[in-house]
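Q: just to be clear, the model below is a prediction. Sequence and coordinates:
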Amino acid sequence: MGANSSSIAELANNSYLQRLAGTETISENDPFWNQLLSFSFTTHTNGTDTQLLEEATLSISKSLIENNPRTENFQALVKIFLSRTKELKVSAECQDQLFIWQAHNALFIIRCLLKVFVSQVSEEELQLNFTYQERPPLSYGAEAEDLLEELICTLVHLIIELPLLDITYNILLESVTTLLVLLSYQLFQKEIIRESLIYKCLMQGQCLQYTSRIVKTLLYNFIRQEKCPSPRTQVFEQTSEGSGLLYGLASGVASGLWTVLTLGGVGNKATQQGDLSSPLANRSLLLLLVLSNLSNRPENPNPYRQSIMSFRNTQDNTAIQSPNSYCFQINFNSLYTALYEQQKSDQATLLLYTLLHQNPNVRTYVLARTDVENLVLPILETLYCVEERNSHHVYMALIILLILTEEDSFNRSVHEVILKNITWYAERVLTEISLGSLLVLVVIRTVQYNMTRTRDKYLHTNCLAALANMSAQFRSLHQYAAQRIISLFALLSKKHNKVLEQATQSLRGPVGAEENSPVPDYAQDLNVIEEVIRMMLEIINSCLSTSLHHNPNLVYALLYKRDLFEQFRTHPSFQDVMQNLDMVISFFSHRLEQAGADLSVERVLEVIKQGAVALPKDKLKEGNLKESNGHEDQREEE
């Protein structure tokens, strides 16, 4: 490194790294440190950089882990870095690139080594490698000092104090990434970590006083979406094709953090990330999400989560009523813009869910926006492109819709927004459609995809819950949306008949079956499908009982497929909910018979509109559909 290693393959044999990891103790005043920290990489960034770097330096890292208890060279390196950070702000103001460059390089090496420490040793062992005893004769008899909390606090302080300039971009990025590496112990544990030395440093130690400032800074980093500076303006060399080796090394940790946050496996499809162009924004968002999801208990509440839950708009001049001291103000308009512009990334979707769920100020602001389509359209596109997104991203997008549809004001407003030419919707050309009708189309498509592919019970539940929340406020449903509602019911009906036939046949006993062969639980399958069918009937019923005169296309689709509902009229599970549907079908069928035969579509719709006015409202029983909050049961423990 000190000799300007230009290839990852050369690192294993680098004399400076070998000396650092060797058996020789290196004094803090040794010229070696200046030589070690005078390096730059000119390597291409690609998907294999992380693995190549780890393979090339693994032997050196393991040697350091083995020898460091005796040499304390790692602690000396940390001390060198800490000593150089004290003047970084002044260096930035004075454009002292060399000083910032060497401080960055020191942190870069520390983080590379920390990544191996975290994967190889326990937190207790890691802390021992941060315990530093000043070497004689300068401070004979001095007590050992613990550098771990000092390093963490220094990194937090750098993030909030150092101005974001071209020459400071990479050391700020490195500071954020190093904190992510320290917090990545969860990646190597099966159980959720509740107690942690690193958590304690961040939530109870000296860092506590910076809680609101670090949350605000990380949010602003996300909002600003600053691009990685061009090579000419950076203090260390890199290529124009990427963000240098720095990006490649960190991406392994960053990409895995989604698994920790969602407590699940990696999705089937990778989501396109903005990490290459705006790595600081992406990494800041990941750190913010990790901090807000650290252990949170009544006796030891998570201050970062409290800060996320309570921050307010800069235009909000009301007195702060928050009981905690972590509240701050931020520009909600800029935050809203960043949120909808970055919805192609799963971490931005997770942030949006977190804010809507936990911060009432943000939720109120979003629901009051008159351009809600800017936020909803990318969420709908995520659901529509389900095969191109990972499962976590799709699920979070759906939960966001469920939260939004719990508000009647949202359900009304989406039908007032008219959209032109939705290019990503491929099943049919939609030259003009309301946002509400498009939402119905996409959610129904998600249900149908789930029925044939993933068969996730909770996905079904939440899709139908969103439709149920909206149903009483359906307005001027597009004819295609109305058709898809009835088509989904037809699909469910067909599935019901198939399962019922299989159940009947199994009771008779299949020909040639062995006596002890297991029999599928058709009764359970039948119960599940009947629950879904009832939900669909209640959704249709809710619309008819509250806004029939606003939805002639739904009545048209209902009449066109009236035979579908015949078998459910006398079914004991559906008799109550079928009363309104049966009455509507009978009423409008009679009016169409009176209007004559061979009616055109336009004439049928005209008869329906006239009939909707003539239909006595007291004939329709008010639906008893309860608005569903399915996501409440699936939220994490808090």
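A: Done, it's in.
Q: buried stuff in the helix or strand encompassing residue 534?
A: Taking DSSP states H and E as the definition, one finds residue 534 inside helix 522-547. By neighbour count on 16 or more other Cβ atoms under 10 Å, the buried set for helix 522-547 is 522, 525-526, 529-530, 532-547. Any C-beta I mention is one placed from the backbone N, CA and C, and that applies to glycine too.
Q: for the nearest residue to residue 526 once chain neighbours are set aside, what are its contacts?
A: Nearest in space to residue 526, with sequence neighbours left out and distances taken as Cβ to Cβ, 6 or more residues apart in numbering, is residue 499 at 5.3 Å. Applying Cβ atoms under 8 Å, 6 or more residues apart in numbering to residue 499 gives the contacts 522, 525, 526, 529.
Q: show me where the stretch 451-600 of the chain has helices.
A: In the stretch 451-600 of the chain, the helices defined using DSSP state H, counting those that start in this stretch lie at 457-471, 479-508, 522-547, 552-560, 575-595.
Q: if we can go back for a sec, the helix holding residue 534 to helix 575-595, inter-axis angle?
A: 50 degrees (axes from the mean of the first three to the mean of the last three Cα atoms, to 10 degrees).
Q: pLDDT averaged over helix 522-547, what's the number?
A: Here helix 522-547 scores 87 as its mean pLDDT.
Q: how far is that helix from where the chain is centred?
A: 30 Å (Cα atoms, centre = their mean, to the nearest Å).
Q: rewinding a little: out of the contacts of residue 499, who's nearest residue 460?
A: Taking Cβ to Cβ as the measure, residue 460 lies nearest residue 529 of the contacts of residue 499, at 10.3 Å.
Q: reformat the helices of the stretch 451-600 of the chain as JSON lines; add distance to residue 280.
A: Shown next, in JSON lines, are the helices of the stretch 451-600 of the chain (distance: least, Cβ to Cβ, whole Å):
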{"stretch": "helix 457-471", "distance to residue 280": "34"}
{"stretch": "helix 479-508", "distance to residue 280": "42"}
{"stretch": "helix 522-547", "distance to residue 280": "45"}
{"stretch": "helix 552-560", "distance to residue 280": "49"}
{"stretch": "helix 575-595", "distance to residue 280": "54"}
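Q: doesn't residue 154 belong to a helix?
A: Yes. Per DSSP: H, G, I helix; E, B strand; the rest coil, residue 154 lies within a helix segment.
Q: does it touch residue 85 like I think?
A: Yes. With contact defined as Cβ atoms under 8 Å, residue 154 counts as touching residue 85 (5.4 Å).
Q: shared neighbours, those two?
A: With Cβ under 8 Å, 6+ apart, residue 154 and residue 85 have no common neighbours.
Q: now do the contacts for residue 226.
A: Here residue 226 is in contact with 164, 169, 278, 280, 281 (Cβ under 8 Å, 6+ apart).
Q: name the next helix or strand downstream of the host helix or strand of the fourth one, please.
A: What that stands for is residue 280. Taking DSSP H and E as the criterion, residue 280 maps to helix 279-292. Next in sequence after helix 279-292, counting helices and strands by DSSP H and E, comes helix 303-310.
Q: average pLDDT across that following helix?
A: Rounded mean pLDDT across helix 303-310 is 94.
Q: do stretch 447-454 as well
A: Stretch 447-454 comes out at a mean pLDDT of 81.
Q: now do stretch 57-74
A: 90.
Q: list the buried residues for it?
A: For stretch 57-74, by 16+ other Cβ under 10 Å, it's 57, 60, 61, 63, 64, 65, 67, 68, 71, 72, 73, 74.
Q: which ones among those map onto helices?
A: 57, 60, 61, 63, 64, 65, 67, 68, 71, 73, 74 (DSSP state H).
Q: would a markdown table of those residues with distance to residue 557 be doable?
A: Formatted as a markdown table, those follow (distance: Cβ to Cβ, whole Å):
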| residue | distance to residue 557 |
| --- | --- |
| 57 | 64 |
| 60 | 69 |
| 61 | 65 |
| 63 | 72 |
| 64 | 70 |
| 65 | 68 |
| 67 | 75 |
| 68 | 72 |
| 71 | 77 |
| 73 | 75 |
| 74 | 70 |
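Q: ok, which pair from those residues is furthest apart?
A: 57 and 71 (17.5 Å).
Q: for the residue nearest to residue 57 when sequence neighbours are not counted, report the pLDDT, please.
A: In this structure, residue 57 finds its nearest non-sequential neighbour in residue 11, 5.3 Å apart by Cβ to Cβ, 6+ apart. For residue 11, the model assigns a pLDDT of 73.
Q: what are the ranges of the helices in the stretch 251-400 of the chain?
A: 279-292, 303-310, 332-341, 346-358, 360-368, 373-384, 391-404.
Q: just send the ones you listed back as a markdown table, with mean neighbour count and distance to residue 111 too.
A: A markdown table is the format used below for the helices of the stretch 251-400 of the chain (neighbours: other Cβ atoms under 10 Å; distance: least, Cβ to Cβ, whole Å):
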| stretch | mean neighbour count | distance to residue 111 |
| --- | --- | --- |
| helix 279-292 | 25 | 12 |
| helix 303-310 | 24 | 21 |
| helix 332-341 | 18 | 27 |
| helix 346-358 | 23 | 20 |
| helix 360-368 | 17 | 32 |
| helix 373-384 | 21 | 32 |
| helix 391-404 | 24 | 26 |
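Q: could I get those as a markdown table with distance to residue 213?
A: Putting the helices of the stretch 251-400 of the chain into a markdown table (distance: least, Cβ to Cβ, whole Å) gives the following:
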| stretch | distance to residue 213 |
| --- | --- |
| helix 279-292 | 13 |
| helix 303-310 | 9 |
| helix 332-341 | 17 |
| helix 346-358 | 18 |
| helix 360-368 | 18 |
| helix 373-384 | 27 |
| helix 391-404 | 28 |
